[in-house]
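how would this look folded up:
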Amino acid sequence: MHHLLPLLVAVPLLGAAVLAAGGGRVPRNVAESVGCLVSAGSAALAVVLLLDSTPPLVEWVGGWVPVHGESVGIVLVGDGPGLGMAALVCTLTLAALVYSWRYFDEPPRGHAGSFPALLLLFQGGMCGFAMAGDLFNAFVWFELMSVVAYALTGHRVEEARAVQGALTFGVVNSLGAYAMLMGIGLLYARTGELGMTRIGEGLDAHGPPDALVLAGFVLVVTALLVKGAAVPFHFWLPDAHAVAPTPVCMLLSGVMVELGAFGVWRVYDTVFSGPGGLPAPDAERALVALGALTAVVGAVMCWYQRHIKRLLAYSTVAHMGLFLVGIGTLTPEADDGVALYLLGHAGVKAALFACTGILLDRYGSVDEHALHGRGRTLRAVAVLFVVGGLGLAGLPPFGTALGKSVTEEAAGGPLTVLFVVASAVTAGAVLRVAARVFLGLGPRPREGDEYETTGAGERPETRHRLSRVPDTMTAVPAVLLAGSLAVGVVPGFAGAVGRAVQGAGTGGLVHVSVHWTPLGVLLGLVSTALALALAAVAVTRPRLIAAPGRALPLRRLQSGHVGDYVAWFLVGTTLLGALALPGILGG
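Below is the predicted model:
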């Protein structure tokens with residue numbers, strides 16, 4: 001079965017090449033059908049391989065196998081977490097393709113397959129990153145998915161805002177790529193290896209960690225935190241989401257940001273967790289501190305948005321912070337919880353973006369204020385949006401609730417409060433939007449200050465505003481929400497995820513039971529009740545907690561100037577190094 005691993009990358013890349021070459025010679029529905037078939041086939045293959053991933057599958061591409069322990073080849077590792085992420089990537093790509101079925105403006109003549117081709121390229125890059133067994137090729141896949149993401153973000157190239165958002169995305173993430181490449185160079189200089197496992201063994205053999213190890217850790221993890229939109233590397237994400245097509249937003253928030261969290265977990269666990277890597281207290285301090293900061297900033301900024309796509313983007317930032325906190329606790333229980341949380345969040349967030357796209361194409365706006373009461377006729381969309389908000393809050397039995405509860409109990413103490421409050425605030429913002437837009441509750445919101453991005457007057461992504469919502473556009477978010485629910489209710493699923501994560505992260509030596517607990521259910525109900533209360537107060541008494549001026553100093557930082565974002569990139573890199581430094585000095 002290990003020989004099939006390269007197909008998870010090769011098939012979507014080949015499909016993209018076929019669509020790019022033949023897109024001008026086939027009807028649009030044929031091109032989109034090919035994209036869906038390729039993505040569906042890749043998803044099925046990923047699931048088949050996932051079921052046979054114990055012990056992990058290893059494939060040296062091209063036959064460049066290690067000789068006397070030395071290797072220069074491309075290695076793909078098909079373990080539970082890697083293949084699980086690949087299956088998630090393929091599934092959400094399929095959802096994005098189905099959602100956009102005959103949905104965008106007709107492309108220029110001869111380019112019918114350009115958008116599905118780009119999505120398949122994006123899928124191939126993300127799958128390669130998920131399965132990469134060596135750092136250099138992880139960097140290669142990192143760059144492939146990044147370049148395609150820039151093109152997808154600026155897909156509406158005739159709009160200046162789209163080009164600017166894609167340029168900001170490209171500059172900040174390219175800095176992350178340079179940092180990663182320098183970190184790989186330092187680690188290669190120390191160990192003479194590129195394989196993650198071999199680098200870890202080389203660091204352990206060298207002795208106690210020193211400044212070079214710290215620099216390698218900071219540079220590589222900085223790149224992954226940029227991709228994961230952790231504070232203060234996050235500024236590109238809301239700007240990109242504001243201009244990217246809705247199916248692209250589904251993938252950016254649904255799986256690409258999660259791959260940043262996955263990369264942090266993979267790199268630390270495989271490369272830096274041994275005696276020659278970064279001491280556990282330093283890694284815990286760095287990841288938990290940045291995670292907590294990310295959760296707080298993301299939740300506050302999410303609450304004070306009226307541009308719905310930006311609101312959802314900041315929600316992604318907040319939940320990325322919670323993922324980092326869970327990873328930073330460095331316990332098997334927290335790893336299991338983060339994996340489940342990530343799966344549940346992917347379905348919920350992609351569904352919420354899909355519903356927002358319907359509003360954009362029906363009313364030409366994603367402005368919470370301008371849409372007040374206009375969504376009353378979209379009953380099905382209203383139900384899906386509310387369900388998505390409840391799932392984001394962690395309402396049992398959603399997968400978000402199960403993953404959050406396991407992670408909360410593993411983190412313990414004040415961090416539990418952080419999980420409850422951050423999820424409640426982000427979900428409360430979503431439920432507030434639902435109450436105002438779909439139910440018309442509360443007084444019409446007043447205009448804010450000049451720093452607000454409104455989202456009014458947007459151009460629909462269809463040729464004309466929708467008079468009738470296509471069935472595919474409502475079926476996709478419904479299926480995604482059902483999938484998020486299934487993560488929490490399907491018997492044995494949580495245990496299977498836990499075994500896969502534990503087997504990859506600990507060599508199968510640790511076995512932790514993953515299940516619902518009374519405390520976890522209670523915390524989920526508390527965060528949901530708090531979210532509903534916040535939404536109710538915001539709608540009925542908007543002056544109490546919804547005045548946008550209160551977050552004005554924080555919102556000024558989202559300036560839209562790429563130079564400012566580059567400066568914050570340097571600040572974040574320095575902060576990460578300072579948080580991880582004490583143990584190295586002590587050694």
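
Quick one: mean pLDDT for the helix or strand where residue 520 lies?
In this assignment (DSSP states H and E), residue 520 forms part of helix 518-540. The pLDDT scores in helix 518-540 average 95.

Flag every buried residue along that helix.
520, 523-524, 527-528, 530-532, 534-536, 538-539 (16 or more other CB atoms under 10 Å). Where you see a C-beta, it was placed from the backbone N, CA and C, and this is true even at glycine.

and what of stretch 417-434?
Under the neighbour-count criterion of 16+ other CB under 10 Å, stretch 417-434 has 418-434 buried.

Equivalent analysis for stretch 38-55, please.
Buried-residue list, stretch 38-55, by 16+ other CB under 10 Å: 38, 39, 40, 41, 42, 43, 45, 46, 49, 50, 53.

got the contact list for the third one?
Meaning residue 40. Counting by CB atoms under 8 Å, 6 or more residues apart in numbering, residue 40 touches 90, 94.

for the stretch 301-450 of the chain, which spans come out with low pLDDT?
Along the stretch 301-450 of the chain, segments meeting pLDDT under 70 span 446-450.

quick one on the thing from earlier: now the two most distant members of the buried residues of stretch 38-55.
38 and 53 (22.2 Å; CB to CB).

doesn't residue 126 make contact with residue 256?
Yes: with contact defined as CB atoms under 8 Å, residue 256 counts as touching residue 126 (6.7 Å).

Between those two, which is the more surrounded one?
residue 126 (30 against 24; other CB atoms under 10 Å).

what about the more buried one, which SS state?
Three-state assignment for residue 126 (DSSP: H, G, I helix; E, B strand; the rest coil): helix.

ok, residue 400 to residue 350 distance?
Distance from residue 400 to residue 350, counting by CB to CB, to the nearest Å: 13 Å.

okay, the two: which has more neighbours?
Ranked by neighbour count (other CB under 10 Å), residue 400 and residue 350 place residue 400 first, with 33 against 30.

how about the strand or helix carrying the more buried one as CSV, C-alpha atoms only?
Secondary structure assigned from DSSP H and E places residue 400 in helix 399-411. C-alpha atoms of helix 399-411 as CSV (Å, rounded to 0.1, in the frame of the first residue of the first chain):
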residue,chain,number,x,y,z
GLY,A,399,-16.9,17.4,17.3
THR,A,400,-15.8,20.9,18.3
ALA,A,401,-17.3,20.3,21.7
LEU,A,402,-15.7,16.9,22.2
GLY,A,403,-12.3,18.1,21.0
LYS,A,404,-12.5,21.3,23.1
SER,A,405,-13.6,19.4,26.2
VAL,A,406,-10.7,16.9,26.0
THR,A,407,-8.2,19.7,25.4
GLU,A,408,-9.7,21.9,28.2
GLU,A,409,-9.3,19.1,30.8
ALA,A,410,-5.8,18.4,29.6
ALA,A,411,-4.8,22.1,29.9
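
How far does it sit from its chain's centre?
18 Å (CA atoms, centre = their mean, to the nearest Å).

Next, the angle helix 518-540 makes with it.
Interaxial angle, helix 399-411 versus helix 518-540 (axes from the mean of the first three to the mean of the last three CA atoms, to 10 degrees): 120 degrees.

packing partners for helix 399-411?
Applying 3 or more CB pairs under 8 Å, 6 or more residues apart in numbering; DSSP states H and E, one finds that helix 399-411 contacts helix 308-328, helix 332-363, helix 379-393, helix 414-439, helix 471-489, helix 518-540.

residue contacts, the most centrally placed residue in the chain?
Nearest to the mean C-alpha position of the chain, by CA atoms, centre = their mean, lies residue 257 at 2.5 Å. With contact set as CB under 8 Å, 6+ apart, residue 257 has these partners: 227, 228, 229, 237, 316, 320.

again, only this time at 10 Å
227-230, 234, 237, 251, 313, 316-317, 319-320, 323, 342, 345-346, 349 (CB atoms under 10 Å, 6 or more residues apart in numbering).

what about it, helix or strand, and which?
Short version, using DSSP H and E: residue 257 is in helix 257-267.

Skipping adjacent residues, who's closest to residue 54 in space?
Closest residue in space to residue 54, ignoring its immediate chain neighbours: residue 503 at 6.3 Å, by CB to CB, 6 or more residues apart in numbering.

quick one, domains of this protein?
1-64+71-131, 135-274+559-587, 279-556 (automatic domain parsing).

Low-confidence stretches in the stretch 101-250 of the chain?
102, 104-113.

where along it do the helices fall?
Listed in chain order, the helices of the stretch 101-250 of the chain (DSSP state H, counting those that start in this stretch) span 114-131, 135-153, 160-191, 196-206, 211-227, 236-243, 246-251.

Nearest to residue 266, out of the ones you listed?
Between these, helix 196-206 lies closest to residue 266; by CB to CB that is 7.3 Å.

Pull out the buried residues from the closest one.
Under 16+ other CB under 10 Å, the buried positions of helix 196-206 are 196, 198, 199, 200, 201, 202, 203.

and the residues you listed as a markdown table, adding distance to residue 61?
Listed next are the buried residues of helix 196-206 as a markdown table, based on distance: CB to CB, whole Å:
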| residue | distance to residue 61 |
| --- | --- |
| 196 | 16 |
| 198 | 17 |
| 199 | 19 |
| 200 | 21 |
| 201 | 22 |
| 202 | 22 |
| 203 | 25 |
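
for residue 516, what are its contacts?
Contacts of residue 516 (CB under 10 Å, 6+ apart): 396, 397, 401, 402, 405, 406, 488, 489, 494, 524.

Thanks a lot, catch you later.
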